[in-house]
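Asks: quick one, what's the 3D model for this:
(one chain, ligands or ions: 2)
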Amino acid sequence: MSSSEWSKLIDDIKRCSKCRLSKYRRNPVPGEGNPHAKIMFIGEAPGAREDATGRPFVGAAGKLLTQLIESIGLKREEVYITNVVKCRPPNNRDPEEDEISACSPYLTKQIQLIKPAIIVALGRHAAKFLFESAGLKWRNMGSMHGRVFDAVLFGVKTKLIATYHPAAALYYPKLRPELEEDFSKLKKLYSREVAVKSKPRSLLDFF
Ligand code: URA
Ligand code: SF4
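Replies: Ligands and ions are numbered 1, 2, ... in the order given. I've put the predicted structure just below:
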C-alpha cells in the first residue's frame, strides 16, 4: 500500500457527506492504529466520546477493549481499530441499512489496504455485516462467538472471529468471562497466524 493511498482514504472519510449521519456528527471517526497491522478490530459506530474526539473506542467500552487488547500482549497502537459506520448515529441508535451501504466502501478499502491476517468483529452488528460480506451465514453471537472462520473478505484471505461488543459486557457482566475467553483464543490464533509466520528464519531452519 502506498502511504498516499491510505491518507487519501482517511481524508475522504473526514470530508464525507454521503449519508445523513454527516449532519449530526461533530467529528467523523475513520479509525486508529497501525495501517500495517496484522489484526483489525471492527465495531459498530462511534458513540458520544468518539464523536467528540474523532477517535474510535475511547469511552467506557473503549477502555475495556484496550485492556482486552493488552491482555493478549498487544498495544492499541499495534492493531487497527475502526467501525462499520464512521459517524455517530443520533442518540446512539443503530445505523440504518442505507447508512451502512453508504459507508461500508470505506471499511472495504481499509481492509483491502491493511490485508489483516485476523479480523475481529465486535458485536452482532459488525459480525452480521462482516460474515455476510464474506458469504458466511451469521446466526447469533451465542453460537458463533470465539469461533475462527476462514474467510475471503473483499478479496482478502483472513481469519474472521466474532465476539461480544465490550459495551454489552459492561451492561451484562455475565458476558465478561466469555469475552475474556474469546480474547485468550485470539491470543493463541495470533501466535499461530502472525508471530510464528513472521518470525525471521534462522539459518538452522535450512538444515
Ligand atoms: N462502540 C463502537 O461500536 N465503536 C466505538 O468506536 C465506540 C463504541
Ligand atoms: Fe460518510 Fe460514512 Fe459518515 Fe455517512 S457515516 S457521512 S457515509 S463517513
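Asks: ok, and does the top helix by length along the chain reach over to ligand 1?
Replies: When the chain is parsed with DSSP state H, its longest helix is helix 97-114. No: Helix 97-114 lies apart from ligand 1 when judged by CB under 6 Å from any ligand atom; the minimum separation is 12.5 Å. Yep, even glycine has a C-beta here, placed from its N, CA and C like the rest.
Asks: can you start the count at 374 instead of 1 from here on
Replies: Noted, 374 is the first residue going forward, which turns the last one into helix 470-487.
Asks: just checking: what are the partner strands of the helix or strand just after that helix?
Replies: Next helix or strand after helix 470-487 toward the C-terminus (DSSP states H and E): strand 491-495. With DSSP bridges as the test, strand 491-495 is paired with strand 412-416 (parallel), strand 529-536 (parallel).
Asks: can you list the residues of the protein near ligand 2?
Replies: So the chain meets ligand 2 at 386, 389-392, 394-395, 401, 458-460, 472, 475-476 (CB under 6 Å from any ligand atom).
Asks: contacts for stretch 394-407 next, please.
Replies: Stretch 394-407 has contacts (CB atoms under 8 Å, 6 or more residues apart in numbering) with 382-383, 386-387, 389, 419, 423-429, 449-456, 458-463, 468, 472, 476, 479, 483.
Asks: sorry, slip of the keys, the one I care about is stretch 423-436.
Replies: Contacts of stretch 423-436 (CB under 8 Å, 6+ apart): 398-402, 404-405, 414, 416, 419-422, 438-439, 454-456, 460-461, 538-540, 543.
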